[in-house]
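>>> what's the 3D shape of this:
(chains A and B)
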Number of protein chains: 2
Amino acid sequence: MWIKGGINLKLIINKTHLLQGLQNVQKAIATKTNLPVLSGILLETMENGKIKLAATDLEIGIECLIEGEIVEKGSIVLPAKYLVDLVRKLNESIIEINVDKKNNTANIHCGYFNMSIHGYSSDDFPLIPWINNGFNCILDQMLLKSMINQTVFAVSHDESRAFLTGVCFSLQDKLRLIATDGHRMALRESEMTHYQDEKGIGAIIPAKAVNELTRILTDEGEVELLLGDNQVSFQLNNVRLITRLIDGQFPSYQQVIPQDYKTRVRIKRYELIEALERASLIVRGESNIIKLIVQKDKMTIASNTPEIGKSSEEVICSLDGEEMQIAFNFKYLLDVLKVIETEEITIDFTGSLSPGVVRPWEEENYVYVIMPVRSN
Amino acid sequence: MWIKGGINLKLIINKTHLLQGLQNVQKAIATKTNLPVLSGILLETMENGKIKLAATDLEIGIECLIEGEIVEKGSIVLPAKYLVDLVRKLNESIIEINVDKKNNTANIHCGYFNMSIHGYSSDDFPLIPWINNGFNCILDQMLLKSMINQTVFAVSHDESRAFLTGVCFSLQDKLRLIATDGHRMALRESEMTHYQDEKGIGAIIPAKAVNELTRILTDEGEVELLLGDNQVSFQLNNVRLITRLIDGQFPSYQQVIPQDYKTRVRIKRYELIEALERASLIVRGESNIIKLIVQKDKMTIASNTPEIGKSSEEVICSLDGEEMQIAFNFKYLLDVLKVIETEEITIDFTGSLSPGVVRPWEEENYVYVIMPVRSN
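Residues are numbered from 1 along each chain as shown, chains lettered A, B, ... in the order given. The predicted structure follows:
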């Protein structure tokens, strides 16, 4: 099975390290591409003795450095589709990779198993750029994960308004993540440490990159955000993700948030989720509209699709201000309830045709504005 | 919320009982139908004080009797789509159902939750038939589940050969379940207790019905099989499933099983599964062909797709007879390895172009015949 002569790259890697590295970078692989090399993962030995894995779809690039024994230096690009599944299915812990540079073929040897697989020359693999000058800040990984989780779901999927298809990262006195699709807006803010510059700066990061980032972020340690002119990178542990930015002017979030309220409801988050899920059964895929009727000590969640039926349920709440009623797309309300982490929430209203404002109870760092719909 | 006057059916049911009953019968609901009433579940009070739930797509019918308080007798058909999800999402344990027969509307009340939902008159619901005369036998539920699991995967999905799209139940000295798609055949047999008739009888039961049956079968207790002229029913606990039979002559299974072998391999089942999964990575969706090379003390599993690469792996085995090699569609081999329950298996061969025979080691009740493919 061993290729005679012309061996270039030769590696001996622990399965766990290799699999973790492959899983980190494979998220950047191009799923639809005319360039076959982009469906591959680059393996390359580094001067510092580490092994670099990298993948890119030309919008997002992810690199990961892993440990392993470098018997001979070199590089190759191997098809991700087979490589990742294969490594996942290997039983033994020690994997040998021997590359014949002449025909870009790798031999993968593990226990009694041998595979030779055709790859691509690393010369054809695009260079994943570095940001040389930019604003940077250091963030807690778990915090950033939570901030993304509380905002990214609100982006628009309408490509004709590209500037709404990403999450706005605004770096000023605080770091703010903002996302909106025109029907609702989510804003999460946090203090920053090690912030480099006093004057503010902002960037719109594609939702896809932000989602991939959350899958790489772990529950401990820090991540460095580095913001360049057209790109942003996130560096954590041995992984670096870089993505292009979206051009455009993000809407001003301050103007969207009502400054006052006529009605404030304080309610148990999970009770409202369950009542909404029951009420939504008969409007889902129909009007999607549920009605909230706010009275002293209770909020009634009502739904109605004449051909199917109607429902109503009372949930206990405490009321500050006027009784009122309002209608929403239930999805926009459920979305936010599922990402808030406190047991209770508040919803502020100024009228049936004005936006509602959802906040976690006794937390200042998150606000969600939701437009009502007309209902009969 | 309560409907005044005309109340007909009125039930008070424990959520767990109702949900379990709904989940049992909902599998028979017609997914594509021009008859809206078939997308519903029948609720009907019985003379014996039980509540009957029933659903049918006119091929399969499932009925389930549940406990509950009958305040007023009656019946209604309610749309399964909303009813099952709703009951699943209710928190309280006591559910009240009040039906207004005049407009076929049910009020469902549970805790602070009320829903009124439009249904259909039970007069429009098709009668699910009973088999009055037939052959019957009693089987252990867990055994029948295992027998189905080891055969049903081998049915054909080619509707032009309808008689191969079901599992043949052959009742003679033993109960035999047989399924084949022309490329492989699975046969599982077991002793029967309480078998009524000495002369044999057989029937082809649609794969869909057999699959639904396994979801209803539990791990304890018995099931009564009752075979009529055009239908078969399975009665267990409080559930009855009835299905039409498939017309046609099932192929004779005896002729398919080779009576002798030139090569017998005994091998660890799980080691072979893992080796096949690795080998299949590069042929899956391509040729699907893997080659088995049998030598003394080892079997080599090899695969090759010239554009992608090739693999080989040795698995330890014990050989009785001649060395040989043969090629299979890996799926047909993996399928059977996953449903055999013993740690080791045997595979018998009589030549590269003759069928292989897979059996669990030291068990007589299962045999799987698999046709080879030509390979270069």
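>>> residues from chain A in reach of chain B?
Within chain A, the positions adjacent to chain B are A:1, A:79, A:82, A:85-86, A:89-91, A:105, A:112-118, A:274-275, A:277-278, A:281-282, A:307-315 by Cβ under 8 Å from any Cβ of the partner chain. In short, each C-beta sits where N, CA and C put it, glycine included.
>>> dihedrals phi and psi, the residue nearest to A:L78 when sequence neighbours are not counted?
Leaving out its chain neighbours, the residue that sits closest to A:L78 by Cβ to Cβ, 6 or more residues apart in numbering or on different chains is A:G119, at 4.3 Å. In terms of degrees, to the nearest 10, the main-chain angles of A:G119 are phi -120, psi -150.
>>> one more: A:A207?
phi -60, psi -40.
>>> tell me the contacts of the residue nearest to A:L78?
A:40, A:76-79, A:99, A:104-106 (Cβ atoms under 8 Å, 6 or more residues apart in numbering or on different chains).
>>> between those residues, which is closest to B:G221?
Closest to B:G221 out of these is A:P79 (51.0 Å), distances taken as Cβ to Cβ.
>>> local confidence estimate at the closest residue to that closest one other than its chain neighbours?
In space, and not counting its chain neighbours, A:P79 is closest to A:G40: 5.3 Å by Cβ to Cβ, 6+ apart. pLDDT for A:G40: 96.
>>> out of the residues of chain A next to chain B, which sit inside helices?
A:82, A:85-86, A:89, A:274-275, A:277-278 (DSSP state H).
>>> so which of those residues is surrounded by the most neighbours?
Ranked by neighbour count under the definition other Cβ atoms under 10 Å in any protein chain shown, these are headed by A:A275 with 26 neighbours.
>>> hmm, that one is touching B:M115, no?
No. The criterion here is Cβ atoms under 8 Å, and A:A275 misses it with B:M115 at 11.7 Å.
>>> before we move on, the earlier item: quick one: which of the residues of chain A next to chain B sit in strands?
Using DSSP state E, the members of the residues of chain A next to chain B that fall in strands are A:79, A:105, A:113-118, A:309-315.
>>> quickly list what A:T263 is bridged to.
As for beta bridges, A:T263 partners with A:G321, A:F349 under DSSP bridges.
>>> and if you look at A:F135?
Where A:F135 sits in a bridge, its partners, by DSSP bridges, are A:L227.
>>> residues near it, how many?
The number of residues packed near A:F135 is 18, by other Cβ under 10 Å.
>>> so it sits right up against A:S170, yeah?
No. With contact defined as Cβ under 8 Å, A:F135 does not reach A:S170; the gap is 11.4 Å.
>>> what residues are shared contacts of those two?
Common contacts of A:F135 and A:S170, defined by Cβ under 8 Å, 6+ apart, comprise A:I201.
>>> low-confidence regions, the stretch 151-300 of chain A specifically.
A:193-198 (pLDDT under 70).
>>> mind running it again at 90?
Filtered on pLDDT under 90, the stretch 151-300 of chain A yields the residue ranges A:171-174, A:191-202, A:237, A:253-255.
>>> show me the strands in it, by range?
All strands of the stretch 151-300 of chain A, identified by DSSP state E, counting those that start in this stretch, fall at A:166-171, A:175-180, A:184-190, A:201-206, A:222-227, A:231-236, A:239-244, A:263-268, A:289-295, A:298-305.
>>> could you check the angle the second one makes with strand A:201-206?
For the pair strand A:175-180 and strand A:201-206, the angle between their directions (axes from the mean of the first three to the mean of the last three Cα atoms, to 10 degrees) equals 50 degrees.
>>> check which helices and strands strand A:175-180 sits against.
Other helices and strands packing on strand A:175-180, by 3 or more Cβ pairs under 8 Å, 6 or more residues apart in numbering or on different chains; DSSP states H and E, are helix A:141-149, strand A:166-171, strand A:184-190.
>>> name the residues that touch stretch A:22-33?
Residues outside stretch A:22-33 that contact it (Cβ under 8 Å, 6+ apart): A:38-41, A:53-58, A:60-64, A:80, A:83-84, A:87, A:212, A:215-216, A:239, A:241.
>>> and those, which of them are buried?
For those, a burial check counting by 16 or more other Cβ atoms under 10 Å in any protein chain shown picks out A:38-41, A:53-57, A:60-64, A:80, A:83-84, A:87, A:212, A:216, A:239, A:241.
>>> any idea how far A:A279 lies from A:C64?
45 Å (Cβ to Cβ, to the nearest Å).
>>> what do you get for A:I148?
Relative to A:C64, A:I148 is positioned 20 Å away (criterion: Cβ to Cβ).
>>> picking up where we left off before, and the furthest pair within the ones in strands among the residues of chain A next to chain B?
Maximum pairwise distance in those, criterion Cβ to Cβ, is 68.6 Å, between A:T105 and A:E314.
>>> what residue lies at the spatial centre of chain A?
Per Cα atoms, centre = their mean, the C-alpha nearest to the average position across chain A is that of A:N211, at 1.9 Å.
>>> doesn't A:V152 make contact with it?
Yes. Using Cβ under 8 Å, A:N211 is in contact with A:V152, at 6.2 Å.
>>> let me know the angle separating the helix or strand hosting A:N8 from helix A:80-89.
A:N8 belongs to strand A:7-14 when assigned by DSSP states H and E. In terms of direction (the same axes, to 10 degrees), strand A:7-14 departs from helix A:80-89 by 40 degrees.
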